[in-house]
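K.L.:
Take this sequence and fold it.
(chains A and B)
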2 protein chains.
Amino acid sequence: MKQRDVYLTEVGPRDGLQISKDFMPTEQKKAWIKAEFEAGVPIIEVCSFVPVKLIPQFSDAAEVLAYANLLPGLGVEVLVPNYKGCERAVAAGARVVTVPVSVSEAHSQSNVRKSTMEQVEEVKRMCELRDSLPAGKRFKVMGACSTAFGCTIQGAVPEADVVRAAVALQKAGVDEISLADTVGYANPAQIKSVFTAVRNAVGPDLLIEAHFHNTRGLGLANCLAAYEVGVRHFDSTLGGLGGCPYAPNASGNVVTEDLAFMFESMGVSTGIDLDKLVAVREMIRPQLPQTEFYGHLSVAGKPKNFAYAHA
Amino acid sequence: MKQRDVYLTEVGPRDGLQISKDFMPTEQKKAWIKAEFEAGVPIIEVCSFVPVKLIPQFSDAAEVLAYANLLPGLGVEVLVPNYKGCERAVAAGARVVTVPVSVSEAHSQSNVRKSTMEQVEEVKRMCELRDSLPAGKRFKVMGACSTAFGCTIQGAVPEADVVRAAVALQKAGVDEISLADTVGYANPAQIKSVFTAVRNAVGPDLLIEAHFHNTRGLGLANCLAAYEVGVRHFDSTLGGLGGCPYAPNASGNVVTEDLAFMFESMGVSTGIDLDKLVAVREMIRPQLPQTEFYGHLSVAGKPKNFAYAHA
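P.N.:
Numbers count the residues shown, from 1 in each chain, chains lettered A, B, ... in the order given. Predicted structure coming up:
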């Protein structure tokens, strides 16, 4: 197994495809997941168990998940918006479910028609489902605090609200927490402050992951800030796919290949082969002709005599 | 005068236009400079005193400089590649000249046909010219250590070489030093290490500025890293104009509007009005139809209820 100092979770097959105008056939989804796995990406969020009539893109979620589960050593995650989705995901073999919980009440109501704490209750039921299973069958629950750094509806989101949501998720029994800058409002100073406050509140043992968008160009700077306060797990998407359906032309997630390049060039190992990852991008790009791809490494290439962190 | 925690130097009219295929008429250059001045940009590098037959874009350098010097309180800088250019610039009223000195010997030979230390000697002659003038007429000399973080010809550039060049420039008598990532090879860890090493070598009083390119997408992360080790002066270009003539499609400098947004959102005042700055971008863009513009803030807009650092 490769040495990794940080763990990148590719969320493109979920967060990227979720708003894509192009339907990607199941075989292409599988090929994408396999290619990123072979490029050394350690964890992939492969699909979402949402109602098919809401997002037809994920009509093949169970098949994609079953395929990903066969790749040896790959961490496989799926998104579930609610308990019903969690049941479907677990029945399909999900080992890690990510559940979004909007810290912003306004966003929570608009997104899942529940208050923040009602959604935490939904997460609690998933944790109870988990605990009802035999030890070998238990899945992990990740509570994803979305709009943790700001909200397009309510504007600023107080740090105390993020801490409250994170503590409530911990009490509900989650295995991991992520803090998501869903709409690209975060800045590096805020990142350091909020992650530190949440870490202080939930203690050192609960894994805390960063999920940042690059809407205002601060994606990598925000990842750097999170790294500097101890975060070692980062979501990102190939080509920066994804983004907010309410902000057309606003770029999506942090770009996986650029993030991996930043860390590797800093001497922080990702276990990822940058050339292979850029090749995956070139494979996927023609399959999503209506989707904008972002990123710099794929254009500029690696520096001359570039050395990986653990070459 | 506005309170500023950091100082952004807009180098677009020099670094951006230098490789642009579009000639910008003198009146448009003046309007650009005036508009950025009115948006609160404190310092602008307005032109380059290079041989006109090499870069016809700067045939109007003296007129542009004279105009910029009339804007009250604006810091005005010009680039000079050699002593002759410095003489021309000073005759035209230059108060600050930036002189590139390649830390990479290979780049230095290719760029100015001199070794690094021969170019430092050229800088020394400029400092002697400065000192020969009456006190009220003296200009400032900024030694710009280019390729300080890597070079497309030689690859890695040792930190010790950067320190040696910076110390040589200090001995030559420069007023300021900048460290430039000319080809976009730098990473945040390296930024912190090299700036700290140079600071330790030249002492705390010599102003050290950062000049970063965004070739591999790390521009803002690198600025953040430099800020965290005490740098308070940053070069950037509107729309990320500029870049390397040898790397087509590779994006240029750090984007001024995104950099200003990052700092303001962190509570670090730039004195810049973001809306006015984005308006300047929209004014300039149609004037450079063959030039690619980059940046995120101009697309996504400010966050809801955004507050400036010193509102």
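K.L.:
all helices of chain A, in order?
P.N.:
For chain A, the helices defined by DSSP state H cover A:17-18, A:26-38, A:61-69, A:83-91, A:105-112, A:116-132, A:159-172, A:188-202, A:219-228, A:256-265, A:274-284, A:297-300.
K.L.:
Just name the most buried of those helices.
P.N.:
Mean neighbour count (mean count of other CB atoms under 10 Å in any protein chain shown) peaks for helix A:256-265 among these, with a mean of 28. All C-beta atoms are positioned from the backbone trio N, CA, C, and that covers glycine.
K.L.:
check whether that one contacts chain B.
P.N.:
Yes. Helix A:256-265 reaches chain B (CB under 8 Å from any CB of the partner chain) through A:258, A:261-262, A:265.
K.L.:
pLDDT score for the residue positioned nearest the centre of chain A?
P.N.:
Nearest residue to the geometric centre of chain A (CA atoms, centre = their mean): A:D235, 4.0 Å. pLDDT, A:D235: 98.
K.L.:
what bridges to A:S178?
P.N.:
A:A144, A:E209 (DSSP bridges).
K.L.:
Tell me the residue of the stretch 1-150 of chain A that sits nearest chain B?
P.N.:
With CB to the nearest CB as the measure, A:G150 is the residue of the stretch 1-150 of chain A nearest to chain B, at 5.5 Å.
K.L.:
who's in contact with the closest residue to that residue other than its chain neighbours?
P.N.:
The shortest distance from A:G150 to any residue other than its chain neighbours is 2.8 Å, reached at A:Y185 (CB to CB, 6 or more residues apart in numbering or on different chains). Neighbour list for A:Y185: A:149-151, A:215-216, B:303 [criterion: CB atoms under 8 Å, 6 or more residues apart in numbering or on different chains].
K.L.:
Quick check: the two most widely separated of those residues?
P.N.:
Maximum pairwise distance in the contacts of A:Y185, criterion CB to CB, is 14.5 Å, between A:C151 and A:R216.
K.L.:
Please say which of those two ends up with more neighbours.
P.N.:
The residue with more neighbours, out of A:C151 and A:R216, is A:R216; 30 against 25, by other CB atoms under 10 Å in any protein chain shown.
K.L.:
and the end-to-end length of stretch A:176-186?
P.N.:
21 Å (CA to CA, to the nearest Å).
K.L.:
got the domain boundaries for chain A?
P.N.:
Chain A breaks down by automatic domain parsing into domains covering A:1-94+A:238-311, A:103-236.
K.L.:
what about those domains, which gets the closest to B:T116?
P.N.:
So among the domains of chain A, domain A:1-94+A:238-311 is nearest, using CB to CB, at 18.6 Å.
K.L.:
now the closest one: mean pLDDT?
P.N.:
93.
K.L.:
State the distance from A:V194 to chain B.
P.N.:
13 Å (CB to the nearest CB, to the nearest Å).
K.L.:
what sits against that residue?
P.N.:
Neighbouring residues of A:V194 by CB under 8 Å, 6+ apart: A:148-149, A:159, A:162, A:179.
K.L.:
Turn those into CSV, including pLDDT.
P.N.:
Shown next, in CSV, are those (pLDDT from 0 to 100):
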residue, pLDDT
A:A148, 97
A:F149, 97
A:E159, 98
A:V162, 98
A:L179, 98
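K.L.:
How much space separates A:Q154 from A:Y185?
P.N.:
Per CB to CB, to the nearest Å, A:Q154 is found 11 Å from A:Y185.
K.L.:
now swap in A:F293 and tell me
P.N.:
To A:Y185, A:F293 is 23 Å away according to CB to CB.
K.L.:
ok, how many other residues are close to the residue lying closest to A:K304 once chain neighbours are set aside?
P.N.:
The shortest distance from A:K304 to any non-neighbouring residue, by CB to CB, 6+ apart, is to B:G155 (4.2 Å). Residues within reach of B:G155, counting by other CB under 10 Å, total 15.
K.L.:
give me every residue that touches B:G155.
P.N.:
A:303-305.
K.L.:
ok, so of those, who is nearest A:E228?
P.N.:
A:E228 has its nearest neighbour among the contacts of B:G155 in A:P303, at 22.8 Å by CB to CB.
K.L.:
Is stretch A:276-289 in proximity to chain B?
P.N.:
No. If you take CB under 8 Å from any CB as the test, stretch A:276-289 misses chain B, and the best it gets is 11.9 Å.
K.L.:
Please work out which residues outside that stretch touch it.
P.N.:
By CB under 8 Å, 6+ apart, the list of residues contacting stretch A:276-289 reads A:12, A:20, A:22, A:24, A:28, A:31-32, A:35-36, A:38-41, A:238-239, A:241, A:256-257, A:260, A:293, A:295, A:297-298.
K.L.:
Quick one: residues contacting the nearest residue to A:N82 once chain neighbours are set aside.
P.N.:
Computed as CB to CB, 6+ apart, the closest residue to A:N82 that is not its neighbour in sequence is A:E122, at 5.6 Å. For A:E122, the contact set (CB under 8 Å, 6+ apart) comprises A:82-83, A:99, A:114.
K.L.:
Then A:C127?
P.N.:
A:141, A:172-174.
K.L.:
Repeat that for A:L74.
P.N.:
Contacts of A:L74 by CB under 8 Å, 6+ apart are A:33, A:37, A:42-44, A:68.
K.L.:
can you do 10 Å?
P.N.:
Counting by CB atoms under 10 Å, 6 or more residues apart in numbering or on different chains, A:L74 touches A:33-34, A:36-38, A:41-44, A:46, A:68.
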